[in-house]
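A.B. asks: got a predicted structure plus its sequence, pasted below:
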Amino acid sequence: MRIFKSFINGISTANTNFKIIIYLWIINFLFSLMLVAPIYFMIDKNISKSLMGEKLAHGFDLFWLGDVLYKFRDFSPALIGGIIFPALLYLLLYIFLNGGIIGRLTITFENVNLKNFFSDCGYFFWRFFKLFLISIIAYVVFLGLFYRIISMILEIFTKKATTEWPLIIVSNLKIVVLLLLFTIVTMFFDYAKIRVVISNSKKVIKETLFTLKFLGKRFFKAWGLYLLIGLFFLIITFIYMEIAYIIPKNTLLLILLTFIWQQIYIFARLWIKLIFFASEIEFYRYFV
């Protein structure tokens, strides 16, 4: 079956290009360190040798958090800006790195190295940025319109409900519907990026329309592949959470072990990201 074959080939391609995962992990780690370091130094300077710091040493509690929030209440605008700006910066970094990922995965005759990876990142950045702007419109329209229509249909079953169960079921169904609609839009723009890279075209709108035509003929196969990889990701996440939950965190060694386990999970997430793109590239090339 084409879906499973694309999935298996995607895993093989991701494993072959394992260097990309290492690059992505280093970049993510350095970016996270850049964000956390200022907050750490602020807390260390103002709290570590104070009564609040001593309270934290005995365990986290909501009263301690309340004291911290009150102490830094005048810094809230700066803190909000400190959250929004890094989020926008990470979004641009995400767009930038996607060019390197897809660019390298579509090239089968070159070894991956840092130079050609970043070369692809820069080469496709503006095209991917244009796709990102188009995707914002698509997310707003598609999720806003279709989700609202489906929600109105589901709410019909709750109007005459005599128990809370129909409300609970419909509420959960709405969440599932929202997630499924989100996967459709995300999948579509994955293929749009792949189309732009493979065709090496700067006409982003034209390639987006081609992607619409391409997926229109084989939507359920492409979506089935995307959901299959998504299920694989959920299984890995479940395993990670179960093991992370049973690891005690009462000694420095076990805290270090938890940190290592977290980094393994991050590696797994980046690996899944490559599998998504590699499988979709294989699927696209089979039908085009």
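C.D. replies: Alright, I've got the coordinates. Residues are numbered from 1 along each chain as shown.
A.B. asks: now the closest residue to G224 other than its chain neighbours. Its backbone dihedrals?
C.D. replies: Spatial nearest neighbour of G224, chain neighbours left out: I3 (5.0 Å); criterion: Cβ to Cβ, 6 or more residues apart in numbering. From N, CA and C alone the C-beta is placed, and that goes for glycine too. Note on I3: backbone dihedrals following degrees, to the nearest 10 are phi -60, psi -50.
A.B. asks: residue contacts, I3?
C.D. replies: Applying Cβ atoms under 8 Å, 6 or more residues apart in numbering, we find I3 in contact with 221, 224-225, 228, 283.
A.B. asks: where does this structure have low pLDDT?
C.D. replies: Low-confidence segments of the chain (pLDDT under 70): 36-83, 108-109, 160-162, 249-250.
A.B. asks: the helices in it, which residues?
C.D. replies: 2-16, 18-46, 51-57, 62-71, 76-105, 114-123, 125-155, 165-199, 204-217, 219-246, 252-287 (DSSP state H).
A.B. asks: what's the spacing between L181 and L215?
C.D. replies: To L215, L181 is 15 Å away according to Cβ to Cβ, to the nearest Å.
A.B. asks: show me what stretch 143-152 is in contact with.
C.D. replies: For stretch 143-152, contacts defined as Cβ under 8 Å, 6+ apart pick out 174, 177-178, 181-182, 185.
A.B. asks: oh, that last question was meant for stretch 274-282, not what I typed.
C.D. replies: Taking Cβ under 8 Å, 6+ apart as the rule, stretch 274-282 contacts 5-7, 9-11, 13-14, 17, 20-21, 101-102, 105-106, 187, 190-191, 194, 198, 222, 225-226, 229, 232.
A.B. asks: can you flag the buried ones in the contacts of stretch 143-152?
C.D. replies: Among the contacts of stretch 143-152, those buried by neighbour count (16 or more other Cβ atoms under 10 Å) are 177, 181, 185.
A.B. asks: circling back to that earlier point, got CSV for the contacts of I3, with neighbour count and distance to T211 too?
C.D. replies: Formatted as CSV, the contacts of I3 follow (neighbours: other Cβ atoms under 10 Å; distance: Cβ to Cβ, whole Å):
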residue, neighbour count, distance to T211
K221, 17, 15
G224, 17, 17
L225, 24, 15
L228, 16, 20
F283, 24, 13
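A.B. asks: for L252, state which of these is nearest.
C.D. replies: Using Cβ to Cβ, the shortest approach to L252 within the contacts of I3 belongs to L228, at 40.5 Å.
A.B. asks: of the contacts of stretch 274-282, select the buried ones using a ChimeraX command.
C.D. replies: Isolation of the buried members of these (16+ other Cβ under 10 Å) is achieved in ChimeraX through the command below:
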select :6,7,9,10,11,13,14,17,20,21,101,102,105,106,187,190,191,194,198,222,225,226,229
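A.B. asks: list the contacts for the residue nearest to Q262 when sequence neighbours are not counted?
C.D. replies: Excluding the flanking residues, the one nearest Q262 by Cβ to Cβ, 6+ apart is A244, at 7.3 Å. By Cβ under 8 Å, 6+ apart, the residues touching A244 are 258, 261-262, 265.
A.B. asks: and if you look at A192?
C.D. replies: Here A192 is in contact with 131, 204, 207-208, 211 (criterion: Cβ under 8 Å, 6+ apart).
A.B. asks: how many residues are close by F259?
C.D. replies: Neighbourhood size, F259 [other Cβ atoms under 10 Å]: 10.
A.B. asks: just how off-centre is stretch 105-118 within its chain?
C.D. replies: 22 Å (Cα atoms, centre = their mean, to the nearest Å).
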